[in-house]
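Engineer: Here is a sequence together with a model predicted from it:
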Amino acid sequence: MLAQNAFGSQATSGNRFFLYEVEGLRQNDATDQNNYPIRQSGSTLIKVPYSRMNEEMLRISRLGGKIVSIQPLSANGASAED
């Protein structure tokens, strides 16, 4: 849901991104319908906008992945902890 400030404009979270570190993504029956293979490796980094965090968590779960860490990204695209 969008919040309104005192001037009536809507404040969005469109500029906030998070970096998900995911491990264990694998090909399964649901992903077999895709036109591209899912790689199976140690870990993968996925850049996610704040507005899509929940949907991305559900997608990762359906693909059999496990979220190892979530870090906010700064305005220049680097991790805030760097």
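Structural biologist: Nice, I can see it. Numbers count the residues shown, from 1 in each chain.
Engineer: give me every residue that touches residue 66.
Structural biologist: Residue 66 makes contact with 22, 23, 24, 60 under the criterion C-beta atoms under 8 Å, 6 or more residues apart in numbering. Yep, even glycine has a C-beta here, placed from its N, CA and C like the rest.
Engineer: did I read that right, residue 64 in a helix?
Structural biologist: No: per DSSP: H, G, I helix; E, B strand; the rest coil, residue 64 lies outside any helix segment and is coil.
Engineer: Spell out which helix or strand contains residue 48, please.
Structural biologist: strand 44-49 (DSSP states H and E).
Engineer: pLDDT averaged over that strand - what is it?
Structural biologist: Throughout strand 44-49, pLDDT has a mean value of 90.
Engineer: Pull out the CA atoms of it and give them to me as CSV.
Structural biologist: Extracted as CSV, the C-alpha positions of strand 44-49 are listed here (Å, rounded to 0.1, in the frame of the first residue of the first chain):
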residue,chain,number,x,y,z
THR,A,44,23.0,-17.2,-6.5
LEU,A,45,22.5,-13.5,-5.9
ILE,A,46,19.2,-11.9,-6.9
LYS,A,47,18.5,-8.1,-6.9
VAL,A,48,14.9,-7.5,-5.8
PRO,A,49,13.0,-4.3,-5.5
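Engineer: which secondary structure elements does it contact?
Structural biologist: Other elements packing on strand 44-49 under the criterion 3 or more C-beta pairs under 8 Å, 6 or more residues apart in numbering; DSSP states H and E are strand 17-23, helix 53-62.
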